[in-house]
Each structure stands twice: as C-alpha cells, then as structure tokens.
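Colleague: Show me the folded form of this:
(one chain, ligands or ions: 1)
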Amino acid sequence: MADVRYPRLASFKTADALRRHLRQSGIALELDDALPAAERLALAQPIDVGPVRVGNRFCILPMEGWDGTSGGAPSELTRRRWRHFGISGAKLIWGGEAVAVRQDGRANPNQLLLTRDTQGEIAALRDVLVAAHRGRFGSNADGDLFIGLQLTHSGRFARPHATDRPEPLAAYAHPWLDRRFPGGLQMVPDEDLDRLVDQFVEAARLAWDAGFAFVDVKACHGYLGHELLSARDREGRYGGSLENRTRFLRSIVAGIRDASPRLAIGVRLSVFDTVPFRKNARGVGEGEAPASSYRWAFGLFDSDKGSMDEALADARQVLGILERLGVRWICVTAGSPYYNPHVQRPALFPPVDGYLPPEDPLAGVARQIDATARLKAACPSLVFVGSGYSYLQEWLPHVAERNVREGLTDFVGLGRMVLAYPDLPADVLSGVPLKRKAICRTFSDCTTGPRLGLVSGCYPLDPFYEAHPDGARLRACKAT
Ligand SMILES: Cc1cc2nc3c(=O)[nH]c(=O)nc-3n(C[C@H](O)[C@H](O)[C@H](O)COP(=O)(O)O)c2cc1C
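Modeller: As a prediction, the model looks like this:
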C-alpha cells in the first residue's frame, strides 16, 4: 500500500480548500470555482482546423490493453474498450491505442499490429467506436468525430514474443537505461531505420484505407521514435545533429504526405523528460543519475533548477520542424512509464514496478499543463492536446474548463479516467454531476496488470474487470 503522504483529492470539499493546498505546496495550478451552464462550457465548443471540425474539447488518449490476438488483431476486450471510447462523448480520439507497424516493434505479444492481415479487423474496431457514438448521441453524431490511429515501434521497450522477455532494439547505448537489460540490447542499424520509415508509411496507408482520418506518428514514452530524438551519441545519418535526430520522424511525415495526401498527421511527443528514476530504500522514487551531467534526455527537466522553459527548447525546435512539414496536431505528454512514471501519469499509488511518488502528484499534473501552455504560446497555430489530467479526479472538469477557456490547451486528453468512468465527458458536457464512485483514484492497476502479464483495465472500479479471471490473478499477486 502506498505511503499516503499527500492529501487525497476527494478530501478537498471546495475549490478554495484545494487552492490553499496548492499554494502551501508551491504548486502553480489554477481552477474554476464552478462550471457554467453546459451550453456555455468552453469544453463544449467545437474547433475548426482546416476542413476538419471537432465537436468539443475532450480527447481520448491512446491506451493499449494488452489484449489483442497473437496475430495483432483486436479481441472482444479491445472492442469493449473502443466502444467505451465511442460513448465517452469526446470528439477527438487520439489514436485509440499504440499499434505496432511490425512484429519486432510490439511492446507486448498482445499489442495490436497493423498489417494487411489485420487491417480489416482494425477497420471494424473503428466502426465499433463510431456505432457506439451514434447509438448514444444520435445517428448523425459522428460528423464532428475525429478518429486517428497511433502508429509505433517500441524500440528499447519491445517485448514482441513474451511479456517476460525483452527484445530491445535501441537507438543508442544509454549508460543508465542499458543496465535494466541484463540480457543485452541490439542497436537498430541505419538501413533498418530506412526500412522502418517505409513500414510506417505503409501502415499509415493501411490506416487511411481502414477509415482513420489521421495517424499519430508516436514520438514519446521512450519508444523508438522518441529515443531517436535524443540520439546525440549515435553515429550515422540518424544521430548527432538535430537534423539527423529528427530524420526518422521527418522522413515518416514526408512519406505519409506523399503516399496518403488526405490523411492528417499528428505527433504525440514527450516534450520534456527527466533522468531515470528508481525506488530508494524507503520505496520512494529518486533520480538515478545526476541531472547536472545528464545528456541523454530529449528536453531535460531538472527539478532542482525547475526551468521548464529551458527543458522545452528541444520540443520547440521539433515542433517548428513539424509545423514546416504541415503537421498541425500535437498531443503533449512527458517522460516514460518505464523510467519516470510519476512524470508521465501522476498517481498516488504506484504500479508494481514503480515507486512511491517523490512529489505531490499534483505537481506532476501542473508540470504537464505548464509545458502544454508554454508550447501553445510558442506555436499558436498548432493544435494541442494536454495529458495527465486524471489525477485531478473530481476537480478535473474545473481545471480542464479553465485551461481551454484561457487557451492554455485546445483539448483536454483523458487516459486512466475513461477506463474507470468512460462517459465522464458526456456527463460534464450535459451538466450532470460526476458519479463519484466511478472516478479514477489512480490505483495504477491498469499498469500493474500488464506488468504481471494480465490484460489492462480498471480492476478496482469497473465491475467487468473485477469479475474477470485476471482480476482474481491480480488480487492474488498483490496479496503476496
Ligand atoms: C493502461 C495504460 C495504457 C497506455 N497506453 C498508451 C499508449 O498505447 N500510447 C500512448 O501514447 N500512451 C499510453 N498511455 C498513456 C496515456 O495516454 C496518458 O498519457 C497517461 O495515462 C496520462 O494521462 P491520464 O492522467 O489521463 O491517465 C497509457 C496509459 C495507461 C494507464
């Protein structure tokens, strides 16, 4: 059980009480006292981006479920999750979940894999989402629903054949992270990256033919597209200078533009990072490497210096490049669930391979909001989705509404919250009070499950997963 040193969000009965706590803790996070009538919500306003209209400002973030078939097709569990995305009320579906573009890039043996063989079933997955959306909101409700597919290669964190067998394909030798792979790592050669560019472009074409309106070229969370951005020590055409480090991303974007000109392109980017964290003797997370001499991050945030502006210098450059290539859609995230989960998905209770929070999780929420706001100000014509809001719990709508109204972000992305409470956006948008029993309390079982080789889902709050055989397995593992 976590060392609950930080007050639970449910204990703040008023916005002022939460504000007092934030002030005392030195956390810069603002929120509205109350929400206006549903029709006046900033969150309810549509946005027009070129020819695309998206009906409101809620976005479902990508979340894989470790529940596809061994061949990479969706299962009934996958369809259930996408059905929930459809009834959520959110009008932007950022990728659904990470889908590998080839077998050795799967993060787990049950990750979806987009090939000619699975294309039909992945197209049908999208249809399930659209049908659920129409079923709940009306037969024409999908006119302003914008659905993309997230394309990935898991690189260093690939486990394509067995959950307990890493098969890392790394961008460069990393003096700290390599220690976590006692079985060794393979470095991905330039020629293979050239091939992989073509495979991303081909997967994007399959996604377009399957009916997706955009693809996300994933560049976050320590996976290959993200790791290459910090490949300063790599020799050859994909390492060293910024031009080389962005070659992979640039080539994929340019290739997709050529091959599928009507397909929109998004990039989910870890816009800042930290040194890797590990558990200390008290079980609390601590930085494993000194930040002062750490040169393996894309956008190092040094919590001692606290300079977000400096940390975002790398991201500003990459966003400038993407903007020049015609990319408009950016989903902001940070760090990696593998080596700094408190940065990426702030939680009170750690996953099985994590650590007790080294800071009030609200500080992690505020940091992602701050980073998004700074990048929106620097690149106003890009469309931004912010992440990391689930920890806000009952206060999520109050922070989300303010952030959209004040232009700190264009969309508010929801991850863990929709696993627990799929139709929270619909409730907020129709002025219905939140169902408190459905609110995600960040128990991290959605991450612990997969770390133990089980399917992902909300075990504590979704009765379906509580009753699922993996629910019993999870409880048994946690009890030992
Ligand atoms: C179970 C689980 C699976 C996830 N899978 C993905 C994924 O496939 N692709 C991705 O970009 N992010 C993934 N994420 C990260 C989320 O999209 C999101 O950034 C993170 O949970 C923080 O947002 P939240 O506070 O709303 O949960 C996953 C998160 C969870 C909890």
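Colleague: got the contact list for Ile256?
Modeller: Ile256 makes contact with 200-201, 204-205, 215, 217, 263, 265, according to Cβ atoms under 8 Å, 6 or more residues apart in numbering. For glycine as for every other residue, the C-beta is placed from the backbone atoms N, C-alpha and C.
Colleague: nearest spatial neighbour of it, skipping sequence neighbours?
Modeller: Closest residue to Ile256 apart from its sequence neighbours, by Cβ to Cβ, 6 or more residues apart in numbering: Ala204 at 4.5 Å.
Colleague: can you pull out the strands in the stretch 351-480 of the chain?
Modeller: Remark: strands assigned in the stretch 351-480 of the chain by DSSP state E, counting those that start in this stretch are 383-386, 411-414.
Colleague: from these, which stretch is densest packed?
Modeller: Per residue and on average, the most neighbours among those fall to strand 411-414, with a mean of 29 (mean count of other Cβ atoms under 10 Å).
Colleague: Can you tell me what sits against it?
Modeller: By Cβ under 8 Å, 6+ apart, strand 411-414 touches 43, 47, 54, 57-61, 88, 90, 92, 94, 331, 383-387, 389-390, 396, 400, 403-404, 424-425.
Colleague: coming back round to it: so which of the strands of the stretch 351-480 of the chain comes closest to the ligand?
Modeller: Comparing the strands of the stretch 351-480 of the chain against the ligand with Cβ to the nearest ligand atom, the closest turns out to be strand 411-414 (5.0 Å).
Colleague: The closest one: how far from the chain's middle?
Modeller: Its chain's C-alpha centre and that of strand 411-414 lie 10 Å apart, by Cα atoms, centre = their mean, to the nearest Å.
Colleague: Pull the contacting residues for Arg53.
Modeller: Arg53 sits next to 46-47, 143-144 when contact means Cβ under 8 Å, 6+ apart.
Colleague: Secondary structure class of it, three-state.
Modeller: The local conformation at Arg53, judged by DSSP: H, G, I helix; E, B strand; the rest coil, is strand.
Colleague: quick one on the thing from earlier: so of the contacts of Arg53, which ones are in strands?
Modeller: Here DSSP state E is the test, and the contacts of Arg53 give Ile47 as lying in strands.
Colleague: Near the ligand, which residues of this protein are found?
Modeller: By Cβ under 6 Å from any ligand atom, the part of the chain that sits against the ligand consists of 61-64, 97-98, 150, 220, 268, 333, 345, 387-391, 414-417, 446-447, 456.
Colleague: repeat that for 5 Å
Modeller: 61-64, 97-98, 333, 345, 387-388, 390, 415-416, 446, 456 (Cβ under 5 Å from any ligand atom).
Colleague: Weed out the non-buried ones from these.
Modeller: Using 16 or more other Cβ atoms under 10 Å as the burial test, these include 61-64, 97-98, 333, 345, 387-388, 390, 415-416, 446, 456 as buried.
Colleague: Which of these fall in helices?
Modeller: Per DSSP state H, helices hold the following members of those: 416, 446.
Colleague: Out of the buried ones among the residues of the chain next to the ligand, flag the one nearest to Gly138.
Modeller: Proximity of these to Gly138 (Cβ to Cβ) peaks at Leu61, which lies at 24.7 Å.
Colleague: Quick check: phi and psi at that closest one.
Modeller: Here the main-chain torsion angles of Leu61 (degrees, to the nearest 10) amount to phi -80, psi 160.
Colleague: returning to that earlier point: reformat the contacts of Arg53 as TSV; add neighbour count.
Modeller: Conversion of the contacts of Arg53 to TSV gives the following (neighbours: other Cβ atoms under 10 Å):
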residue	neighbour count
Pro46	11
Ile47	18
Gly143	9
Asp144	16
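Colleague: Tell me which stretches of the stretch 51-200 of the chain form strands.
Modeller: 52-54, 58-60, 92-93, 98-100, 146-152, 169-170, 186-187.
Colleague: Which one of these lies nearest to Ala289?
Modeller: Closest among the strands of the stretch 51-200 of the chain, using Cβ to Cβ: strand 169-170, at 16.9 Å.
Colleague: any residues touching stretch 69-78, and which ones?
Modeller: Under the criterion Cβ under 8 Å, 6+ apart, residues 65, 67-68, 82, 97, 100, 103, 106, 109-115, 117-118, 121-122, 124-125, 455, 457 lie in contact with stretch 69-78.
Colleague: could you dump the strands of the stretch 351-480 of the chain to a markdown table with mean pLDDT?
Modeller: Formatted as a markdown table, those follow (pLDDT from 0 to 100):
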| stretch | mean pLDDT |
| --- | --- |
| strand 383-386 | 98 |
| strand 411-414 | 98 |
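Colleague: Nearest to Asp353, out of those strands?
Modeller: Asp353 sits nearest to strand 411-414 of all the strands of the stretch 351-480 of the chain, at 23.8 Å, using Cβ to Cβ.
Colleague: what's the closest non-adjacent residue to Gly148?
Modeller: Spatial nearest neighbour of Gly148, excluding adjacent residues (Cβ to Cβ, 6+ apart): Phe214 at 3.8 Å.
Colleague: How much space separates the one you found from the ligand?
Modeller: Distance of Phe214 to the ligand, computed by Cβ to the nearest ligand atom, to the nearest Å: 14 Å.
Colleague: Make sure that residue is actually in contact with Val267.
Modeller: No: judged on Cβ atoms under 8 Å, Phe214 makes no contact with Val267 at a distance of 10.4 Å.
Colleague: By proximity to the ligand, which residue of this structure wins?
Modeller: Of all residues in the chain, the one sitting closest to the ligand is Gly415 (2.8 Å; Cβ to the nearest ligand atom).
Colleague: Name the nearest residue to that residue, sequence neighbours excluded.
Modeller: Spatial nearest neighbour of Gly415, excluding adjacent residues (Cβ to Cβ, 6+ apart): Leu61 at 4.2 Å.
Colleague: Local confidence estimate at the one you found?
Modeller: pLDDT for Leu61: 98.
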